[in-house]
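>>> Give me a 3D structure for the following:
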Amino acid sequence: MEPLDLLKKSLQTDRPVAWNNFPDISLYMDQVISYMPRQFINIGADSELTPAMVNNYIKDGLLPRADGKKYTRVHLTYLTMICALKQVLSVKEIKFLLEDIQSNQEPEVLYEEFCDALDTALAETAEALTPSLSEEALPHIALKFALRSYADRLVCACILNTLLHNENEKNKKSKPD
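Predicted structure coming up:
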C-alpha cells in the first residue's frame, strides 16, 4: 500500500479514544508520555510529547497541575487537545481558545466537542485526498492542501482576533474610570 493510501485509511479510521476509554487510574509522567502517541496520526517525530513540554503547559496555564505526580483523564483530555492544536496554533492562542471554550463546559463535554470537530476535519480531508496519484501530480496536491491549511488558518486567526477584541472590550467596560 502506498503512503497516501495508508494516510487516507488513517484519516478515515484513527481517532483519539473516547472519554470513557481513557485509563480509569491516574498515570505517572512516563506513562502519559507513552500513552499520548496513541491519540494521534503521527507522520514524524516533531509531534512527540516530552515531559518538559508537559511541564511547560502546566507553567503556561494550559494544563492543570498534576495531583502529586499523577495525571488523570482530565490531563489526558487537555494534552490531546493541546497536542493537536499546537500543530497550527501558538501556545498563547491555544490557551486563549481553551479558556474561552472551557469557561462554561466540563472537561468531558469539551473533549467530546473536540473529538466531534476533529472527526469531521479528518473525514473531510480523507474525502479530499486522492491517494493513487502519479508522481507528477503530488506537488500539485501538496500545494492544494497547503493552501487549504493557509485559508483555514486565516479564518481561525480572524475568529481568535475577534474573540480577543471582544474580551478586551468587556474588560474595558468592567473597569472603573
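>>> In terms of helices and strands, where is Ala52?
Remark: Ala52 resides in helix 51-59, with elements defined by DSSP states H and E.
>>> Then Leu118?
Using DSSP H and E, Leu118 falls in helix 107-128.
>>> Following the chain past that helix, name the next helix or strand.
Heading C-terminal from helix 107-128 (DSSP H and E), you reach helix 138-174.
>>> other SSEs contacting that next one?
Here helix 138-174 touches helix 91-102, helix 107-128, going by 3 or more Cβ pairs under 8 Å, 6 or more residues apart in numbering; DSSP states H and E. Quick note: C-beta positions are derived from backbone N, CA and C, even for glycine.
>>> neighbouring contacts of stretch 165-177?
By Cβ atoms under 8 Å, 6 or more residues apart in numbering, the residues outside stretch 165-177 that reach it are Asp100.
>>> typed the wrong thing, it's stretch 79-90
Here stretch 79-90 has contacts from 16, 32, 36, 39-40, 47, 49, 54, 57, 62-63, 93-94, 97-98, 110-111, 114, 118, 149, 152-153, 156, using Cβ under 8 Å, 6+ apart.
>>> and the helix or strand bottoming out on mean pLDDT in the chain, what other elements does it pack with?
When the helices and strands of the chain are scored by mean pLDDT, DSSP states H and E, helix 91-102 comes last with a mean of 87. Judged by 3+ Cβ pairs under 8 Å, 6+ apart, helix 91-102 is in contact with helix 73-85, helix 107-128, helix 138-174.
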